[in-house]
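>>> show me the folded form of this:
(one chain, ligands or ions: 2)
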Amino acid sequence: MNDAVDKGCETCAFYNAAQLKKLGINVDSADFVVALAGNPNTGKSTVFNALTGLRQHTGNWAGKTVTRAEGGFLYSDKRFKLIDLPGTYSLLSTSEDEEVARNFILFGRPDVTVIVADAARLERNLNLVLQVLEITDKAVLCLNLMDEATRHGIKIDERTLAKDLGIPVVATSARSNEGIPELIQTIYEVASNQIACKPHRIKSLPAEVDQAVDELSKKILKTYPDLPNSRWVAMRLLDGDQQILNALKNGDFVSTT
Ligand SMILES: Nc1nc2c(ncn2[C@@H]2O[C@H](COP(=O)(O)OP(=O)(O)OP(=O)(O)O)[C@@H](O)[C@H]2O)c(=O)[nH]1
Ligand SMILES: [Mg+2]
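Ligands and ions are numbered 1, 2, ... in the order given. The predicted model follows:
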């Protein structure tokens, strides 16, 4: 299909092309795949439109009633494919929307996941941010609706937030295009590994649970050595997550070169 596949390029989207195809995304013409996640009504589609302009189309996720929008943009000679995920408050897969969003981040392994958060209601948005960071290590927090936050007298220390979360934070007011050029530049830098993310992960588990997660995680890594989130997968298995169990059985975690 492409040279990159033959070379087994581990840094670009082609590496995972077959898995993405299974999820209904054709990445034949993309260098990087970017997912847009976030709580409902945080401006994901507005950010998506600002990034992709008219280069987009919509359909449904395979076998689901959930709509899917995908589009693209070109930056620094690289082609970015963007997927607008359904808005969710969590990734525990208790609804079709959550299942779609989680499966895409987990099995589609986008090069970058942009989490769009409402800057005026940051605290309630952080739950999803932390869940996404348990699954993927390449992410950008887009603090959208900054104009609304400012109007309410809310100030956010973006630097400290970025340091605490371990990922870059970009403030935007997507409706008026503010911050969008900075967001594009940051997506590019994370995709091309110029910015290294060190996402915050839960560390304070009770000792026994921690040990069980550790042991199971090591076993998972033996079978799937390139899995970036084996501890998260181990935690879900210990929690009796049937979907994750099935995914392990079906080999959905294998990157398909
Ligand atoms: N003031 C202001 N309004 C915004 C901004 N971004 C988006 N909006 C508005 O917020 C509303 C929701 O935006 P959407 O882009 O549909 O949000 P969404 O996250 O895609 O929503 P769902 O897909 O339903 O989860 C719309 O009325 C937008 O015009 C912004 O930066 N500032
Ligand atoms: Mg939307």
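>>> tell me the buried residues in stretch 51-68?
51-52, 56, 61, 68 (16 or more other CB atoms under 10 Å). Backbone N, C-alpha and C define where each C-beta goes, glycine included.
>>> excluding its backbone neighbours, what's nearest whichever residue of the stretch 51-200 of the chain sits closest to ligand 1?
Ligand 1 sits closest to Gly87 of the stretch 51-200 of the chain, with a gap of 2.6 Å, by CB to the nearest ligand atom. Nearest residue to Gly87, sequence neighbours excluded (CB to CB, 6 or more residues apart in numbering): Pro40, at 3.3 Å.
>>> what residue ranges in the protein score low on pLDDT?
1-20, 22-25, 28, 254-257 (pLDDT under 70).
>>> tell me where it has helices.
3-7, 17-22, 44-52, 96-107, 122-135, 146-151, 158-165, 180-191, 207-223, 230-238, 242-250 (DSSP state H).
>>> and the fourth one, what's buried?
So that's helix 96-107. For helix 96-107, the neighbour count (16+ other CB under 10 Å) marks 97-107 as buried.
>>> so for Ser45, what's the nearest residue that isn't a sequence neighbour?
Distances taken as CB to CB, 6+ apart place Asp84 nearest to Ser45, at 5.9 Å, with adjacent residues excluded.
>>> what is the burial count for the closest residue to Val170 other than its chain neighbours?
Leaving aside its sequence neighbours, Val170 sits nearest to Leu183 (CB to CB, 6+ apart; 4.7 Å). By other CB atoms under 10 Å, 23 other residues sit near Leu183.
>>> need the contact list for Leu183.
The contact partners of Leu183, by CB atoms under 8 Å, 6 or more residues apart in numbering, come to 47, 51, 114, 140, 142, 170, 172.
>>> show me what contacts Thr223?
So Thr223 contacts nothing (CB under 8 Å, 6+ apart).
>>> so how many other residues sit close to the closest residue to ligand 2 within the stretch 101-250 of the chain?
Residue of the stretch 101-250 of the chain nearest ligand 2, by CB to the ion: Val116 (9.3 Å). By other CB under 10 Å, 29 other residues sit near Val116.
>>> one more: Ser192?
Neighbour count for Ser192, taken as other CB under 10 Å: 16.
>>> that one contacts Phe80, correct?
No - counting by CB atoms under 8 Å, Ser192 sits too far from Phe80 to count as a contact (10.8 Å).
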